[in-house]
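Asks: Please find the sequence and the predicted model below.
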Amino acid sequence: MRLTPEVVRERNLYRGKGETNTTHYGQEIEDNRIQAIWHELKQSTGLAARRQAIVEWNAGNPHCKRGIALTPVKFGISFTVTHLNQAGALVLIYQDGTIQLNHGGTEMGQGLNTNMAMIAAKELGAKLADIRVMPTSTDKVPNTSATAASAGTDLNGGAVRNACEILRERLLPVAQALLGEKFRDAVPLDRICSRMAKCFPPDRRNQKITFVEVVRKAYFTRVSLSATGYYATPGIHWDRVAGRGKPFHYFSNGAALTEVEVDGFTGMTQVTAVNILHDVGDSLNEAINRGQIEGGFIQGMGWLTMEELKWNDQGVLLTHSPDTYKIPSIGDTPREFNVVFMKNATQKNVIHGSKAVGEPPLMLAISVREAIRDAVAAFGSGESEVPLASPATCEAIWLAIQKQKSSSLPVAAPAEALPLAK
C-alpha cells in the first residue's frame, strides 16, 4: 500500500494528551502540543485537496512538476550546559519616573531589548517610552551567558522581572502611604494594584496615583530605587557522559506546509506557498515573533537549498563571498507566506507565559526540501526512493530528476536468441 509522506510522519509523532511521551534521553514531555498543531494545520490548509490538485496539475505538465510537504518541529529550549542557564539584570528608577534597564543579553536585531523593556513596563506599570535599555556591559551585569540557545528572552527576561519585583515590593508601602494621604483612608497592601500606573483606591476607581508620584514619594522617604535581579532556569540537569537527564525547560513546537514548483530542465525551484502554525506561548510582541518566524524560515530555506560550501584540493574554501556563496534574496521568498500563532498556548513557569522564538523556525524550512523531493518524485513513477543532496541546489535537483526519469523508463525485453548459422 502506497502512503503519502505526511501519513508516515503523523504515525511517528509523539502521542496526544493523556499519554506519556519520553525522549530517548529520558526527559518526559510534559505538555505535548505537536499533535494539536499538526492536525490544526492539516485541516486549516486543506492538505488533502491541495495534494490532489497537485497530482492533477502534474499529470498535464511533463516538464515542470509541483510538490507539497508538511513537516513538524519539536525544539528543546535551554543550554544543555546547565550552568549557562542563568542571567542577571540591574534596574534603576529615577525621580522623574524614567527607568534605566541593564541586562546580560546582546541585541543583534532579534528584538531582545524591546522584549526586556516591555517586561519591565508591565511589571512596574511604567510607560514604555520612559524605559531606556542600556548597552550590554559586564560592569553592570557580570558573568553573562551567551545570547544563544533561543533563551535570550527567557533568561534575561526572568532576571529583569526579578529586579522589578524587588522594586515593586519596596514601592507598594509607599503607594499605600500616598493613598492614605490623598484619600484619608489607608488601603490594605493586598488591595493596591501592583502595577503603579493603575494604582486605584478600590472604591474610587475614577481617581488614581501615578507611577511618577509613587517614585517621588519613595525618593523623599529614602527608599532605594535600584535593584539587581537574577534568574536561573529551574529543574534542569544533564549528564553528558550518560546522555540522560532533563536538559530542556520546555519544547517549542510548530509545523509548516510548503508547496514548490520545479523546472525539469534546470532544477530551478520556486516556493509558491508556505503555511506555518507555530507555538509561541503568550506572545510578548507579535511583530517580533512574526519577524523571527519568517526570517528563521527563509534562513533555513537558504541553508537547505542554496548555501553550498565547496573546497578545492588544497582545502581552500571556494564559496567565500557573495559572488560564490548564494543566500536567499527577496526574489526567493514564497509567493504566499502565512504565519499563524497557536491559540490558548500559555506556557507554565516562563516569563509572562511566552516561548522562545529564535532557532526553532529555522527547522520549519525542512518542509521546503521535502516538498522539492515530492516534486522530483513526480518526474518518475513516484514509487522509488528520491535521493536528494543537501543543500538541494539547482544542480542537485536536476541530477535527482535525471535519476527519476531513468528509473521510470521501460526496460527493453531481451532479444530472442538467433539461431546459429549452419
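Replies: Arrived safely, thanks for sending.

Asks: From here on, just use CA atoms for contacts and neighbour counts.
Replies: Noted.

Asks: Setting the sequence-adjacent residues aside, check what's closest to F251.
Replies: Ranked by CA to CA, 6 or more residues apart in numbering and with sequence neighbours excluded, the top spatial neighbour of F251 is G76, at 4.5 Å.

Asks: Number of residues surrounding the closest residue to D130 other than its chain neighbours?
Replies: Leaving out its chain neighbours, the residue that sits closest to D130 by CA to CA, 6+ apart is T98, at 4.7 Å. By other CA atoms under 10 Å, 19 other residues sit near T98.

Asks: quick one: contacts for T98?
Replies: Residues in contact with T98 (CA atoms under 8 Å, 6 or more residues apart in numbering) are D130, I131, R132.

Asks: Outline the domain layout of the chain.
Replies: Using automatic domain parsing, the domains assigned to the chain come out as 5-79+245-407, 86-232.

Asks: Which one, of those domains, ends up nearest to W238?
Replies: Closest to W238 of the domains of the chain, according to CA to CA: domain 5-79+245-407, at 4.6 Å.

Asks: same question for the closest one, mean pLDDT?
Replies: For domain 5-79+245-407, mean pLDDT is 95.

Asks: Same question for stretch 209-229.
Replies: Mean per-residue pLDDT for stretch 209-229: 93.

Asks: just checking, the residue nearest to F251 is part of a strand?
Replies: Yes - according to DSSP: H, G, I helix; E, B strand; the rest coil, the state of G76 is that of a strand.

Asks: Contacts only, for it.
Replies: F248, H249, Y250, F251, S252.

Asks: Of those, which is the nearest to E294?
Replies: S252 (15.8 Å).

Asks: tally of neighbours for that closest one?
Replies: By the criterion of other CA under 10 Å, S252 has 24 neighbours.

Asks: got it, and G109?
Replies: G109 has 9 nearby residues by other CA under 10 Å.

Asks: tell me the secondary structure for it?
Replies: Here G109 takes the coil state, with states given by three-state DSSP.

Asks: Tell me which stretches of the stretch 251-400 of the chain form strands.
Replies: Remark: strands assigned in the stretch 251-400 of the chain by DSSP state E, counting those that start in this stretch are 269-278, 336-341.

Asks: what's next to the longest one, contact-wise?
Replies: Residues lying outside strand 269-278 but in contact with it, judged by CA under 8 Å, 6+ apart, are 37, 41, 45, 253-263, 332-342, 368, 372, 394.

Asks: Any of the residues you listed buried? List them.
Replies: Using 16 or more other CA atoms under 10 Å as the burial test, the contacts of strand 269-278 include 37, 41, 253-263, 333-334, 341-342, 368, 372, 394 as buried.

Asks: So which of these belong to helices?
Replies: Mapping those onto helices (DSSP state H) picks out I37, L41, V368, I372, C394.

Asks: Distance check, the second one against L70.
Replies: In this structure, L41 lies at 9 Å from L70, with CA to CA, to the nearest Å as the measure.

Asks: Common neighbours of the two, please.
Replies: With CA under 8 Å, 6+ apart, L41 and L70 have common neighbours A255, A256, L257.

Asks: Make a markdown table out of these and add distance to L171.
Replies: What follows is the shared contacts of L41 and L70, written out as a markdown table (distance: CA to CA, whole Å):
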| residue | distance to L171 |
| --- | --- |
| A255 | 45 |
| A256 | 47 |
| L257 | 50 |
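
Asks: Which single one of those is nearest to R9?
Replies: A255 (11.6 Å).

Asks: can you pull the contacts of the residue nearest to the closest one when sequence neighbours are not counted?
Replies: Spatially, and ignoring its direct neighbours in sequence, A255 is nearest to P72 (4.2 Å; CA to CA, 6+ apart). Counting by CA under 8 Å, 6+ apart, P72 makes contact with I34, W38, N253, G254, A255, A256, L364.

Asks: Can you verify P72 is assigned to a strand?
Replies: Yes - P72 forms part of a strand when assessed by three-state DSSP.

Asks: Distance of it relative to G245?
Replies: 24 Å.

Asks: Do a quick rundown of the strands in the stretch 1-150 of the chain.
Replies: Using DSSP E, counting those that start in this stretch, strands in the stretch 1-150 of the chain cover 64-77, 86-93, 99-103, 131-133.

Asks: Nearest to E181, out of those?
Replies: Comparing the strands of the stretch 1-150 of the chain by CA to CA, strand 86-93 comes nearest, at 22.9 Å.

Asks: what's the angle between the closest one and strand 99-103?
Replies: Strand 86-93 and strand 99-103 are oriented at 170 degrees to each other (axes from the mean of the first three to the mean of the last three CA atoms, to 10 degrees).

Asks: for this structure, longest helix please?
Replies: Assigned via DSSP H, the chain shows its longest helix as helix 152-183.
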